[in-house]
Each structure stands twice: as structure tokens, then as C-alpha cells.
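**Q** How does the following fold in three dimensions:
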Amino acid sequence: MSLQPAIIEFGTGIDLHGQNPTEAARRGVWNAIHQSSLMFLGLFGQDTSKNMIVEVTIATTRPKEINEQILLDELPHGNGIINIVDGGLEIEGRKGSGDYSLVVNAAIIVKIDLAD
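**A** Purely as a prediction, here's the structure:
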């Protein structure tokens, strides 16, 4: 199997008041997926949707709180691999309120087998 990157896309997810990093990450994955089109993959003469690998990288301020299965369930095709790194953004809208908005970045790389 010779996996080659075919698509890279980025998304941003925000949880304004819930302080739920998994929900913000899910929204970031959804955002990235819905900005890309996989239509050209049929040109390779095989059902690439079943054997593609989808690498998802999430950048969040709360990496240990992410439920990876929820993110995998968001992927419509392929076999997902989740990588969570430190990053993202946390903002307290009004100082001292304890009401933080979480911003999570998502990157998705779709890899397909181009071997003959």
C-alpha cells in the first residue's frame, strides 16, 4: 500500500459558553470536512472511500478532555487517526466571569492508496 496525501483541509470549532473541548473539536472537524470535496477520488477506479486514511490533528488548550471517539464518528469516510496537540485558544469574555470560550483548530489530511 502506497498512501499518498490527496487532500488537506483546516477547520475551526468554537464552544462559546459550554467550555466543552470535545464539542469545539467536533465542530472544527465538521468545518474542515465540509470545506473539502472528495469527488475526484472516483477517478482512480476504485472505491477509495473505504480504504482511505483520514488523519485528524486537533489543537486545543485541553487535550486530555477530548473524547476521540466522538471525533472519529464525525468522519463520513475512511479510517480515522486522531492526533491531539497543545494549541487552540481560551478566552474569558468578561474578566472574572469564569465564562470561557474555547477555540479549537482542526487539520484533516486524507491519504489514499495510489498503487497500481
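**Q** so how far is residue 107 from residue 36?
**A** For residue 36, the distance to residue 107 (C-beta to C-beta, to the nearest Å) stands at 11 Å. C-beta: built from backbone N, CA, C; applies to glycine.
**Q** Please identify every residue contacting each of the two.
**A** Common contact partners of residue 36 and residue 107 (C-beta atoms under 8 Å, 6 or more residues apart in numbering): residue 9.
**Q** any idea how far residue 60 is from residue 15?
**A** As judged by C-beta to C-beta, residue 60 and residue 15 stand 10 Å apart.
**Q** more neighbours, the two?
**A** Legend: neighbour count by other C-beta atoms under 10 Å for residue 60 and residue 15, higher for residue 60 (26 against 19).
**Q** Once you drop chain neighbours, what's closest to the more buried one?
**A** Nearest non-adjacent residue to residue 60, counting by C-beta to C-beta, 6 or more residues apart in numbering: residue 88, 4.2 Å away.
**Q** and the one you found, how many neighbours?
**A** Applying other C-beta under 10 Å, we find 23 residues neighbouring residue 88.
**Q** ok, it touching residue 104?
**A** Yes: Residue 88 lies in contact with residue 104 (C-beta atoms under 8 Å); the separation is 4.8 Å.
**Q** what is in contact with the two at once?
**A** Contact criterion C-beta under 8 Å, 6+ apart; residues shared by residue 88 and residue 104: 21, 24, 59-60.
**Q** In these, which residue is surrounded by the most others?
**A** Ranking the shared contacts of residue 88 and residue 104 using other C-beta under 10 Å puts residue 24 first, with 28 neighbours.
**Q** Contacts only, for that one.
**A** Going by C-beta under 8 Å, 6+ apart, the list of residues near residue 24 reads 13-15, 60, 88, 102-104.
**Q** Including pLDDT and distance to residue 28, could those residues go into JSON lines?
**A** Output for those, formatted as JSON lines (pLDDT from 0 to 100; distance: C-beta to C-beta, whole Å):
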{"residue": "13", "pLDDT": "97", "distance to residue 28": "3"}
{"residue": "14", "pLDDT": "97", "distance to residue 28": "8"}
{"residue": "15", "pLDDT": "96", "distance to residue 28": "10"}
{"residue": "60", "pLDDT": "98", "distance to residue 28": "9"}
{"residue": "88", "pLDDT": "96", "distance to residue 28": "9"}
{"residue": "102", "pLDDT": "96", "distance to residue 28": "10"}
{"residue": "103", "pLDDT": "98", "distance to residue 28": "9"}
{"residue": "104", "pLDDT": "98", "distance to residue 28": "5"}
